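sequence? don't have it. structure:
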């Protein structure tokens, strides 16, 4: 069993002047994140009790105060302890393929145990069966093509046959997923919840695949335990947004594989086409995931190639054309969604609070280690930009591989660069979503496709103290799930 190390020209992600700040800076940043959440909770409670304008019983989360234990508690504590104590060493030494499967399975165990803190019915089986959720609309899809042709006319509220809020708030790819499960004999809340947990927990593995494909295996290994113990797992189990996050994450991972240097010919073609198909599904399960274009662009910039773009466009176009020919027009449905959004809670909730209260949800979902890591990511941006600016390349390096016998030297610091570029792109996407006003509250689940990437930033934290940061990640999830009854 060998210890995987970065190439000689690639320093360890925590090395370098941009990440050599004392631990004090990390602790101050994490404390600032904790303070943001505390202020959002106190101010939100006062505002909600006074005006009711937040439409959330325990702001900034959609939850209610209910300290409790459950059947998942012992397992959650055990998984947390094992990852905190042994996660970094195991991630550094396992062969790569075994590591990716181990990360997925451990993230799944973590998510399942957190969901079962609330019990099987409350935590899993009943989550997607409420009057707001997808499963209420499944029986209406006896004729799928006919329902797709009529889908948009049922989006506004107050019309005959108006969709349930979550069905109306998403393109039909979301509800069709659960219709498909039902047709396969996997109907009902138990199967739907299990599907979301199994797929949603695979995001951790997808992030590892993307980073390694871009030459950042060492950074991926350092990030692995933090991705497993992401506090956002509380909402991956159980909400459909966990499944949406998986679709988007694997689209990005396959794009990275197609663009990376390790896959050629048929493998690169298959990865590029698969990425396009998943990107197509991504925007047909959630309107807001068009913002995944930002991390996709970061991946292409990091890989210094646009070669996968035609294949990605082909796969994406196949999905879009299929939905359009079946009668659903994305560009006509989205304005109707905006209308429905402002008919409901979106028009009542205070933008002045949620524009920063949403960010408090990101702090909780990504964890304090991710907050501290994000500081190091932002501090590394000037170095990464300078290094890549010095590395001269033209259009040819973006359009095709180098000629035979010609060696293209990579820029220095390649192991840290993917982390920095992707995390910055995810943060930019979150900011756009935030200021748009189309995400006011419930972002602990709505932003899962973005939040689940942020713990990767913790790879830039120094080795000393990693167990403490992992313990903080686990504590955030455990306290949230045991003190509050979340709605998702």
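Okay, I see it. Just so it is clear, the model here is predicted, and its values are computed rather than measured.

which residues in the protein form strands?
63-65, 484-486 (DSSP state E).

Quick check: which of those has the most neighbours on average?
Most buried of the strands of the chain, by mean neighbour count (mean count of other C-beta atoms under 10 Å): strand 484-486, with a mean of 21. C-beta here means a position set from N, CA and C on the backbone, and glycine is covered the same way.

by contact count, what packs against that strand?
strand 63-65 (3 or more C-beta pairs under 8 Å, 6 or more residues apart in numbering; DSSP states H and E).

ok, residues contacting the strand it packs on?
Here strand 63-65 makes contact (C-beta atoms under 8 Å, 6 or more residues apart in numbering) with 57-58, 483-487.

Check the gap between the residue lying closest to residue 429 once chain neighbours are set aside and residue 30 for me.
Excluding the flanking residues, the one nearest residue 429 by C-beta to C-beta, 6 or more residues apart in numbering is residue 291, at 4.1 Å. Going from residue 291 to residue 30 by C-beta to C-beta, to the nearest Å gives 26 Å.

The two - which one has more neighbours?
Neighbours were tallied for residue 291 and for residue 30 using other C-beta atoms under 10 Å; the higher tally belongs to residue 291 (24 against 21).

What residues does that one make contact with?
429, 432-433, 450.

Report the two of those residues separated the most.
432 and 450 (10.3 Å; C-beta to C-beta).

So between the two, which is more surrounded?
More crowded of residue 432 and residue 450, by other C-beta under 10 Å: residue 450, with 28 against 14.

I'd say that one and residue 428 touch.
No. Between residue 450 and residue 428 there is no contact under C-beta atoms under 8 Å: 9.8 Å.

any weak-confidence spans in the stretch 251-400 of the chain?
Where the stretch 251-400 of the chain drops to pLDDT under 70, the residues are 261-264, 388-400.

One more pass at 80, please.
In the predicted model, the stretch 251-400 of the chain carries pLDDT under 80 at residues 261-265, 386-400.

For it, which segments are assigned as helices?
266-283, 293-303, 309-325, 330-343, 345-348, 351-366, 368-390, 395-399 (DSSP state H, counting those that start in this stretch).

one step back: now the contacts of residue 291 in JSON lines, please, with extra columns for distance to residue 180 and pLDDT.
Putting the contacts of residue 291 into JSON lines (distance: C-beta to C-beta, whole Å; pLDDT from 0 to 100) gives the following:
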{"residue": "429", "distance to residue 180": "28", "pLDDT": "98"}
{"residue": "432", "distance to residue 180": "31", "pLDDT": "97"}
{"residue": "433", "distance to residue 180": "28", "pLDDT": "97"}
{"residue": "450", "distance to residue 180": "26", "pLDDT": "98"}
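
what's the spacing between the residue nearest to residue 429 and residue 366?
16 Å.

for this protein, which helix is longest?
Counting by DSSP state H, the longest helix found in the chain is helix 23-51.

buried set for that helix?
26, 29-30, 33-34, 36-37, 40-41, 43-45, 47-48 (16 or more other C-beta atoms under 10 Å).

Just the closest of the residues you listed to residue 156, please.
The closest of the buried residues of helix 23-51, once distances to residue 156 are taken by C-beta to C-beta, is residue 48, at 27.5 Å.

For the closest residue to that closest one other than its chain neighbours, give me its contacts.
Computed as C-beta to C-beta, 6+ apart, the closest residue to residue 48 that is not its neighbour in sequence is residue 54, at 4.5 Å. Counting by C-beta under 8 Å, 6+ apart, residue 54 touches 44, 47-48, 349-350, 353-354, 357, 441.

and those residues as CSV, adding distance to residue 316?
Listed next are those as CSV, based on distance: C-beta to C-beta, whole Å:
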residue, distance to residue 316
44, 39
47, 42
48, 41
349, 33
350, 37
353, 36
354, 31
357, 34
441, 31
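
residue closest to the middle of the protein?
With distances taken as C-alpha atoms, centre = their mean, the residue of the chain nearest its centroid is residue 449 (2.6 Å).

so who does the closest residue to that one other than its chain neighbours touch?
Nearest in space to residue 449, with sequence neighbours left out and distances taken as C-beta to C-beta, 6+ apart, is residue 245 at 4.0 Å. Neighbouring residues of residue 245 by C-beta under 8 Å, 6+ apart: 200, 203, 236, 448-449, 452.

Scan these and report the most crowded one.
residue 236 (34 neighbours).

Identify the residues contacting it.
Residue 236 touches 111, 196-197, 200-201, 203, 242, 245, 448, 452, counting by C-beta under 8 Å, 6+ apart.

And residue 333, by the same measure?
If you count contacts by C-beta under 8 Å, 6+ apart, then residue 333 has 151-152, 155, 171 around it.

Please produce a ChimeraX select command covering the buried subset of these.
Buried members of those, defined by 16+ other C-beta under 10 Å, are picked up in ChimeraX with:
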select :151,152,155,171
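
about what we covered before: so which of the contacts of residue 245 is the closest to residue 132?
Among the contacts of residue 245, and counting by C-beta to C-beta, the member closest to residue 132 is residue 448, at 17.1 Å.
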